[in-house]
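> Take a look and give me a structure for this.
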Amino acid sequence: MVVLDSWALLAVLKREAAAERVRSTWVAEGAAMSSINLGEALYTERRRVGTSRSVKAIDVARAQMTVVDPDWDLVAAAAAFKAQGGLSYADAFCVATAQRLDVSVLTGDPEIVALSGEVDVVDLRSA
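Numbers count the residues shown, from 1 in each chain. Okay, the predicted model is just below:
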């Protein structure tokens, strides 16, 4: 299993260069995503393609992955990452989710890539 951040999911939805790598890893290993990051992808897609298309796309993706809803322990772990600086709160949930599941994060987000010593990160920017 891998954890997707919103960057990775949006690459798939926008059919960007990294989409095939994300999709093939997702299919081969399974994917998880924090509901916080899924919400981030939803509002970003909603701005890009409108409500109906974005909800449909996110619902399809959501049905194909494990969605991790934050409990207090995950909130506290995300807060610890956020307190270090350099990450958005949503990105902190992505990293905390990967740490909890002990899996890699697929991302192209430079702030998450910078944490590659604290969590295993697959940098999709060169995909």
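> quick one: furthest residue from the center of the chain?
residue 52 (21.6 Å; C-alpha atoms, centre = their mean).
> Look at it and report its pLDDT.
In this model, residue 52 is scored at 97, pLDDT.
> Give me the buried positions along the one helix or strand it maps to.
Residue 52 belongs to helix 51-63 when assigned by DSSP states H and E. Neighbour-count burial for helix 51-63 flags 54, 57-58, 61-62 (criterion: 16 or more other C-beta atoms under 10 Å). The way it works is simple: take the backbone N, C-alpha and C, and place the C-beta from them, glycine included.
> what's next to stretch 86-99, contact-wise?
Contacts made with stretch 86-99 from outside it, assessed by C-beta atoms under 8 Å, 6 or more residues apart in numbering, are listed as 3, 5-6, 32-34, 36-37, 39-40, 68, 70, 74, 77-82, 104-105, 107, 109, 111-112, 114-115, 118-120.
> is it true that residue 54 touches residue 38?
No. The criterion here is C-beta atoms under 8 Å, and residue 54 misses it with residue 38 at 11.5 Å.
> can you tell me how far the closest residue to residue 42 other than its chain neighbours sits from residue 6?
Once flanking residues are discounted, residue 42 sits nearest to residue 58: 4.8 Å by C-beta to C-beta, 6 or more residues apart in numbering. According to C-beta to C-beta, to the nearest Å, residue 58 and residue 6 sit 10 Å apart.
> Need the overlap of contacts for those two.
Counting by C-beta under 8 Å, 6+ apart, the residues touching both residue 58 and residue 6 are 38, 41.
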